[in-house]
Each structure stands twice: as structure tokens, then as C-alpha cells.
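Visitor: Pasting the sequence and the predicted model now:
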Number of protein chains: 4
Amino acid sequence: MSVIIDFSIFPMDKNEQSLSPYVARALDVIEKSGLAFELGPMGTSIEGEWDEVMGVVDACYRELEKDSDRIYINVKADCRKGRKNGLSGKVLSAQEKQC
Amino acid sequence: MSVIIDFSIFPMDKNEQSLSPYVARALDVIEKSGLAFELGPMGTSIEGEWDEVMGVVDACYRELEKDSDRIYINVKADCRKGRKNGLSGKVLSAQEKQC
Amino acid sequence: MSVIIDFSIFPMDKNEQSLSPYVARALDVIEKSGLAFELGPMGTSIEGEWDEVMGVVDACYRELEKDSDRIYINVKADCRKGRKNGLSGKVLSAQEKQC
Amino acid sequence: MSVIIDFSIFPMDKNEQSLSPYVARALDVIEKSGLAFELGPMGTSIEGEWDEVMGVVDACYRELEKDSDRIYINVKADCRKGRKNGLSGKVLSAQEKQC
């Protein structure tokens, strides 16, 4: 089953101007996974088998847990048998059908 | 770290009047986990350690994957060190502070 | 169309132990709307017509915007024609189908 | 306040191979709004003032409501005072901080 998740994670206990250093650490973890991904303004889309993408979510949590006492996470998953190249395919498929 | 998730899962490939039979199967899995949970209209809140709650998400996915070709999942997690009885505590804490 | 939303809102710029005072202010707004609602650990479910529930989301945003420079919001909506008493009905419907 | 939402909407009552024709109709509505947006695999990011982005959500709902009896919607919003060019800025800011 091809699983695409939209994933966002950030600490809630930092009184800092920007959360991007934490997002960057999660992004490093995602990149090292070798899975196809696409960074967006509100989250990162990651594609793989269920175990693979959930393994990345787990690894990102463990990275931020090191120095965060409160963490917020959002995962939205679309799991579909037989899908290929879902990251680019879903975008193209919608654009083709536009007026 | 106390993790509370709001979790919803449903198949997208069923042309049926109601998705509740599938929700019921996920609910059976959640109950068998022994974790504290609360069923709501739009999702189920589950409380436990990170590995425990993510294990339940995994088990629910595997249950529905048996006979679904497309599955949609939403997970929203609030992870907090040192929290106790978060399921009831979060609700009470907000109600106490109301005007 | 009966619309049920799961709704959560909180400020991200407060370095405070608890966000519940802000959740309580949103809850006051929700109560004043007169719509059916159910407060849960991770969000509040609200039922009404589309304009009604989105009006409540708008009013909660305006309440927190007064003294917050950064706000995070999550809305998950299930909109269905002909549904009655969805808040309790969705929960009962899943429970009836459990093993 | 600069508001960036991640927004997804789809009908749940269609027994069709692909939901992309419906996503395409929502995308047409988003484009016509004139707001900055970015289409991703799991949702579309839209940036504007609160009233503007919520107006687009409303218009997309009304478009799909015409011929759908059940609609699912997800909105995740990050609202921040003083932010400029958030759609590209958020991505760049995370990338700059990577190892």
C-alpha cells in the first residue's frame, strides 16, 4: 500500500521567535530516511510503505523529544493500494482536470 | 512523556451509507489495547506513552488494511512531560477557567 | 447539510505552563453560540449548519487574536446531508457495531 | 495577521476511482481568489488575511456542496502577526537551518 502523509511537528515549550530550527532538525531526519518527500509551508509530504513513513514520524519525535517538554504533531495520511509516484502524481492529476 | 492523540481512520473505497462498521472495528482494537481512551463524534482520544499510542494506530491500520484499498487517517498529538490523567485533566482544566 | 467539526485553537506565542485559559475563552464563545457541542481532550466537536459552525470558528479566532501574535488552528469537518443528532449519533452508531 | 492554511476537501459519497476531478474544482476556486497558494500532494497552502483565506474555504465548500451529499474537510492554520511572504519564507527558513 502506498502511503503519503502530510506531517508537521513542533515544540510548544519554546519561547522563541521562530520554530524553524526545530523543523530543520525534523527535516534532516526525513532526508536521511531516503524516502521521497516534499517540504511545504505547513508540513512535509512523505511517501513510502506504512512502516517506512511511520518510522520517520517516530524518528522525528525522538529527535525533538531530546530537548522539548511539549511537542505538537499532525499527521494526515492517504493510503492507497497500487499507487505509483503519488507525490507528483496527485498534484498532476488535479491540475490536468482543471478548467 | 504523556502522549494524547486524537485519532480518526476510515476507508475511502466503500460505497456504503455508513462508515461506522469500520470505525467499530478500529474501536475494538483500541479497547483491547488497555489504554485510556475516549470516543468522540469526530475521533477517538487515546492516552499513553508514545510507543503505546503509536502501536494502537498501527494495529488499527492493519485491521482496516485487510479489506480496504484506500484508507484515510488523521492523527493530532499533544505530547507533554509529567502530565497525569490528561484525558480528563485537559477537559477539566479548560472548564475551570471559563467565565 | 449537517456539519460536525472537530475544532482546536491555541496561541503559540505564550510562554506559559498551561494553555487552558485560552481554551476556556474559546469555549465561552462556543457556548454562547447556542450550537450543540462536546468538549474533548484534544478539541471541541460542534454541530450545526455550515455557516453556523464556521461563524463560531471565526468568533473564536477574533477572541484570541485580541492578545495573541501567533495562533494555531485545526478544523476537521464531516458534512452530511440529512443527518440528525450527529454528535451523539456518530458515537452510538460505532458502539452498536462493536463486537 | 498573516494566515497560512493547509486545506484539503473531498467528497465521501463518490464511488469513483479518483477524487481529482473534485480537487480540480476546488483548485479552480482557489486560483480565482487571487491569493498566493501552493498545491501539494496532500493539500493546498493558501496565504492571506483571515477573512480572505476563510472566504476561499467557504467558496470551495459551496462548489462541492452542489453535487456531494458528504464532504470531508481539513484545515490547519498558522496565523502570525507581521509575517511577509510566508509561503516561501517558511520553507526557506527551515532549509537554511538544516545541517
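Guide: Alright, I've got the coordinates.

Visitor: so where do the strands sit in chain A?
Guide: Ranges of strands within chain A are A:2-11, A:36-39, A:44-48, A:70-80, based on DSSP state E.

Visitor: Would you format those strands as a markdown table with distance to chain C, mean neighbour count and mean pLDDT included?
Guide: C-beta: built from backbone N, CA, C; applies to glycine. Formatted as a markdown table, the strands of chain A follow (distance: least, Cβ to the nearest Cβ, whole Å; neighbours: other Cβ atoms under 10 Å in any protein chain shown; pLDDT from 0 to 100):
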| stretch | distance to chain C | mean neighbour count | mean pLDDT |
| --- | --- | --- | --- |
| strand A:2-11 | 8 | 23 | 97 |
| strand A:36-39 | 19 | 18 | 96 |
| strand A:44-48 | 17 | 24 | 97 |
| strand A:70-80 | 7 | 22 | 97 |
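
Visitor: To residue D:90, which of these lies closest?
Guide: strand A:36-39 (9.2 Å; Cβ to Cβ).

Visitor: Is any residue of the closest one near chain D?
Guide: Yes - Strand A:36-39 reaches chain D (Cβ under 8 Å from any Cβ of the partner chain) through A:38-39.

Visitor: Also stretch A:1-10?
Guide: Yes - using Cβ under 8 Å from any Cβ as the criterion, contacts between stretch A:1-10 and chain D involve A:4-6, A:8.

Visitor: of those, closest to chain D?
Guide: Using Cβ to the nearest Cβ, residue A:6 is the member of the residues of stretch A:1-10 next to chain D that sits closest to chain D, with 3.6 Å.

Visitor: Now for the residue nearest to that closest one when sequence neighbours are not counted, how many residues are close by?
Guide: Distances taken as Cβ to Cβ, 6 or more residues apart in numbering or on different chains place residue D:42 nearest to residue A:6, at 3.6 Å, with adjacent residues excluded. Counted with other Cβ atoms under 10 Å in any protein chain shown, the neighbours of residue D:42 add up to 26.

Visitor: surely residue D:42 meets residue A:76?
Guide: Yes - if you go by Cβ atoms under 8 Å, residue D:42 and residue A:76 touch, sitting 5.8 Å apart.

Visitor: which neighbours do those two share?
Guide: A:5-6, D:8 (Cβ atoms under 8 Å, 6 or more residues apart in numbering or on different chains).

Visitor: Within range of chain D, give me the residues from chain A.
Guide: Residues of chain A lying near chain D (Cβ under 8 Å from any Cβ): A:4-6, A:8, A:18, A:20-21, A:23-24, A:27-28, A:31, A:38-43, A:45, A:47, A:74, A:76, A:78, A:86-88, A:90-91, A:93-99.

Visitor: And stretch A:87-99, how far out from the chain middle?
Guide: Taking Cα atoms, centre = their mean, to the nearest Å, one finds stretch A:87-99 lying 20 Å from the centre of the chain it belongs to.

Visitor: Report the buried residues of that stretch.
Guide: A:87, A:89-91, A:93-94, A:97 (16 or more other Cβ atoms under 10 Å in any protein chain shown).

Visitor: What about these, which are in helices?
Guide: Applying DSSP state H to those, the entries found in helices are A:87, A:89-91, A:93-94.

Visitor: Can I get the residues you listed in TSV including distance to chain B and pLDDT?
Guide: Output for these, formatted as TSV (distance: Cβ to the nearest Cβ, whole Å; pLDDT from 0 to 100):
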residue	distance to chain B	pLDDT
A:87	17	93
A:89	14	90
A:90	13	90
A:91	18	91
A:93	14	91
A:94	16	91
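
Visitor: which one among those gets closest to residue B:52?
Guide: Closest to residue B:52, out of all of those and judged by Cβ to Cβ, is residue A:87, at 30.6 Å.

Visitor: so which residue of chain A comes closest to chain C?
Guide: residue A:15 (3.6 Å).

Visitor: neighbours of the nearest residue to that residue once chain neighbours are set aside, just the number please.
Guide: Nearest residue to residue A:15, sequence neighbours excluded (Cβ to Cβ, 6+ apart): residue C:15, at 3.6 Å. For residue C:15, the tally of surrounding residues (other Cβ under 10 Å) stands at 8.

Visitor: What distance do you get for residue C:15 to residue A:72?
Guide: 15 Å (Cβ to Cβ, to the nearest Å).

Visitor: partners of the closest residue in space to residue A:68 that isn't next to it in sequence in the sheet?
Guide: Leaving aside its sequence neighbours, residue A:68 sits nearest to residue A:11 (Cβ to Cβ, 6+ apart; 3.8 Å). Per DSSP bridges, the residues bridged to residue A:11 are residue A:71.

Visitor: By residue count, tell me the biggest helix in chain A.
Guide: Per DSSP H, chain A has its longest helix at helix A:50-65.

Visitor: Contacts only, for the closest residue to residue A:56 other than its chain neighbours.
Guide: Excluding the flanking residues, the one nearest residue A:56 by Cβ to Cβ, 6+ apart is residue A:33, at 4.8 Å. Contact analysis of residue A:33 by Cβ under 8 Å, 6+ apart lists A:46, A:48, A:52, A:55-56, A:59.

Visitor: Mind doing that once more with 10 Å?
Guide: For residue A:33, the contacting residues are A:46, A:48, A:52-53, A:55-56, A:59-60, by Cβ atoms under 10 Å, 6 or more residues apart in numbering or on different chains.
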